[in-house]
Every structure is written in C-alpha cells, then in structure tokens.
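Peer 1: need a structure here:
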Amino acid sequence: SNEAHCTSCNVRYDVNFDESVELRFTVNPAIREAADLAYCIGGPANTRHLLSQVWLPPGGTKTLALRLPAGGYRLRTRQFSAMALLHAAEGHPASSGTVRFTTSDIALDQPYLAAGTAELALENLTDTSLLVIIEQTAWNAQAVSAAFVSTMAEFRQLFSSQVLAPGLGVAVRNLTFLFSDLKGSTALYDTIGDSPAYARVRDHFTVMMETIAGRRGALVKTIGDAVMAVFSSAEDAIEAAIAIQREFTEGQIARGDPPLQVKLGLHRGPCIAVNANNVLDYFGSTVNIAARVQNESVGGDIVLTPEVLADPGVHEVLAREAPAIEPFQRHLKGFAQDFALSRLWLRAGVEAGVGVGE
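Peer 2: Have a look, this model is predicted:
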C-alpha cells in the first residue's frame with residue numbers, strides 16, 4: 001500500500017522512505033528476548049517538530065502564544081481526521097488568528113501569519129475534548145530517515161537485505177544518483193594486455209569507492225567498468241564527482257600508464273527502493289535518466305541535469321570551484337523529450353577540455 005495510518009496519532013501519510021519510514025534496530029534473540037510493541041513518543045519534549053499539544057475542552061477556548069519560525073505548519077487533532085495548514089512568512093502583516101474546530105473541519109481565519117511571535121485563538125465547536133496538535137510540516141533535520149541511512153555504505157553492508165521484504169517497493173522522493181564509466185576500457189585491454197589492464201581497472205574502482213564513501217555516498221553496484229552510486233544530498237554527490245575527476249586528471253592514478261579517463265553523470269529525483277537479490281537497489285525514471293546522462297559525458301567532465309544544478313548546496317560548491325559550464329540540449333535514448341544538460345570542466349582541465357567537449 002502507498003498509504004499508512006497511525007492509530008496513535010490519527011493521521012494518514014504516504015509511505016515513502018524520506019520521512020514516513022522509521023528506522024528501528026532490534027536485539028538478536030540469541031542475545032536476549034525483546035518485546036516488540038507499538039509505542040508513540042510524540043510530544044514537544046521528544047519530537048522537536050511538534051510545536052504545541054494542548055487539550056481543548058468541549059465548547060472551550062484557549063489562546064496560544066507561539067514563536068513561529070518561517071515555514072509551514074499543520075494543525076490537527078487526535079479525535080477527528082480534519083487537518084489545516086498554516087504558513088509563517090517574514091513581513092506578513094497579520095500576527096494573530098483564530099482557529100475553529102468542528103467534527104469535519106478546521107477553519108483558520110488567517111492561514112498566513114508573520115514569522116516570529118504570534119497568537120492563535122483556539123475555539124472548540126464540538127462536544128468532544130480535543131487534543132490539538134501544531135507541528136512543522138518540514139522534515140525534522142535532527143531525525144534520521146530511512147532514505148538517508150540507505151545511502152550509507154556501512155548500513156548497506158550490514159543491513160541491506162533487512163531493509164525491505166523481497167518484492168516490496170517503497171517510494172523515495174529525492175535521491176541523487178551518480179553513474180560513471182571508464183572511457184576506452186576495451187582498447188585498454190587490447191593495448192596493454194589483460195592482466196595489466198585489469199590492474200588499472202581495479203585501481204580505478206578503488207578510487208571510485210573510496211571517494212564516494214568519503215562524501216557520504218554508497219556504491220549500489222558495478223556493471224562492467226561502470227559504477228552506480230547514490231547520495232541523499234546533491235551537494236555530496238557533486239563534491240564526490242569533482243573529487244573523482246580531480247583524482248583522474250591530477251592525482252596519482254593520472255600518472256599511470258596509460259592514463260585513464262572517467263565519464264560522469266548526475267541526476268536527482270524520485271525513485272523506487274527495492275530489495276533485489278538481498279541488496280538494496282533503486283529503479284525508476286530518475287535512475288534511467290542518470291544512466292543516460294552519463295552517456296553524454298566525453299571523459300574528464302561532469303554532466304548534470306537541471307535538478308542537480310538547481311540545488312542550493314550545489315550552487316555553493318560550484319561558486320567555490322568555478323568550473324567552466326557548457327549548457328547543451330540532448331535527446332536521451334528511451335525518452336521522448338529533449339533534456340537541458342550542463343557539462344562541467346574543472347579549472348585545471350578547462351583549456352584542454354573545451355576542445356574535447358565540442
């Protein structure tokens with residue numbers, strides 16, 4: 001099912017790896033028996049995204065003085081399924097509002113309030129005591145999601161087969177995928193022989209795996225001389241891509257004979273996480289696009305989609321690195337539309353790289 005219901009909180013939510021799947025560790029029975037019980041730790045003291053929880057008697061009123069950082073908030077009750085959204089924005093003229101609760105609706109006279117100190121007057125128009133809950137809609141940065149740990153190399157090595165039941169697919173709203181391929185590997189085997197070529201390819205895999213893991217990514221699988229890696233952060237992904245290309249153009253592996261060139265492509269978006277042969281894998285259009293984007297790399301460059309380029313963290317990295325950026329349009333195999341892509345050349349390779357990119 002794509003939807004779940006929490007009986008403790010009386011709230012429905014989409015089943016997705018980003019926010020709605022709890023990571024839980026249990027003790028191996030060989031060590032000791034542990035009771036498996038449902039529990040809820042909801043409350044502002046334990047779950048920081050909960051701004052307030054108050055009881056409102058039947059027909060009662062209560063005024064709350066709140067400090068609202070800019071952002072979105074959800075108002076709901078344990079007793080009824082209705083829900084309302086409140087937004088706090090800098091510079092908004094309204095700093096107070098009234099919220100009326102009925103059995104079928106939660107009505108706000110001011111859905112937008114000024115960020116900062118605000119007052120909410122709560123009115124219970126029902127004959128039932130209500131537990132009123134006000135919570136941030138943004139995912140809590142202090143909590144770790146299942147999607148995040150699924151991109152950690154250590155977690156994948158230890159628990160990959162236990163994350164999902166075989167055949168079960170779970171949606172993930174946003175992950176960044178890096179695909180790589182070794183340019184001219186077939187000619188490499190023909191030129192220097194199988195054994196030396198295999199040693200060079202093995203060294204290439206070592207560089208890739210160490211760099212990906214060092215930027216909080218995880219290697220999902222290798223396909224021939226190609227690598228598929230996943231990152232929860234687009235910023236980490238571009239940092240890894242830059243470090244990889246820098247190593248292959250300026251590092252120790254670049255001084256090998258013959259030198260190796262790597263093709264890199266990045267894309268970000270929603271996907272499906274599945275347990276494939278006891279390994280956590282990812283499928284969907286985002287993954288397919290990332291693989292096709294890598295095919296547009298010519299070696300020594302990094303090809304990005306607009307989804308990666310628009311990430312604020314990626315902006316900061318590119319401002320620091322100041323690469324040469326070449327926008328171009330390309331039709332990707334298997335997709336009807338043309339894609340707007342960007343080719344990045346690091347500063348050390350700009351002069352030689354532009355000619356190759358053309």
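Peer 1: Next, the closest residue to Met83 other than its chain neighbours: secondary structure please.
Peer 2: Leaving aside its sequence neighbours, Met83 sits nearest to Arg76 (CB to CB, 6 or more residues apart in numbering; 4.7 Å). Any C-beta I mention is one placed from the backbone N, CA and C, and that applies to glycine too. Using DSSP: H, G, I helix; E, B strand; the rest coil, the structure places Arg76 in strand.
Peer 1: Also the one 4 residues further on?
Peer 2: Three-state secondary structure (criterion: three-state DSSP) places Phe80 in coil.
Peer 1: since we're on it, how many residues are nearby?
Peer 2: When neighbours are counted by other CB atoms under 10 Å, Phe80 registers 17.
Peer 1: Verify the stated contact: it with Asn124.
Peer 2: No: with contact defined as CB atoms under 8 Å, Phe80 does not reach Asn124; the gap is 10.8 Å.
Peer 1: On the three-state scheme, Asn28 is what?
Peer 2: On the three-state scheme (three-state DSSP), Asn28 is labelled coil.
Peer 1: Please report how far it lies from Asn275.
Peer 2: 20 Å (CB to CB, to the nearest Å).
Peer 1: per-residue confidence for the residue nearest to Met83?
Peer 2: With respect to pLDDT, Arg76 scores 91.
Peer 1: Just grab the bridge partners of it for me.
Peer 2: When bridges are called by DSSP bridges, Arg76 pairs up with Met83, Ile133.
Peer 1: my guess is it contacts Leu131, does it?
Peer 2: No: the criterion here is CB under 8 Å, and Arg76 misses it with Leu131 at 9.3 Å.
Peer 1: When those two are compared, which one has more neighbours?
Peer 2: Arg76 (21 against 15).
Peer 1: quick one: pLDDT of Leu332?
Peer 2: pLDDT at Leu332 comes out at 93.
Peer 1: list the contacts for it?
Peer 2: Ile289, Arg292, Val293, Asn295, Glu296, Phe339 (CB atoms under 8 Å, 6 or more residues apart in numbering).
Peer 1: Drop anything exposed from the residues you listed.
Peer 2: Ile289, Arg292, Val293, Glu296, Phe339 (16 or more other CB atoms under 10 Å).
Peer 1: biggest separation within those residues, which pair?
Peer 2: The span of the buried ones among the contacts of Leu332, defined through CB to CB, is set by Ile289 and Glu296 at 10.8 Å.
Peer 1: Between Asn28 and Asn275, tell me which one has more neighbours.
Peer 2: Per other CB under 10 Å, whichever of Asn28 and Asn275 has more neighbours is Asn275, with 19 against 7.
Peer 1: Would you indicate which residues of the helix or strand harbouring that one are buried?
Peer 2: Element membership of Asn275, judged by DSSP states H and E, is strand 261-276. In terms of neighbour count (16+ other CB under 10 Å), strand 261-276 has its buried residues at 261-269, 271-276.
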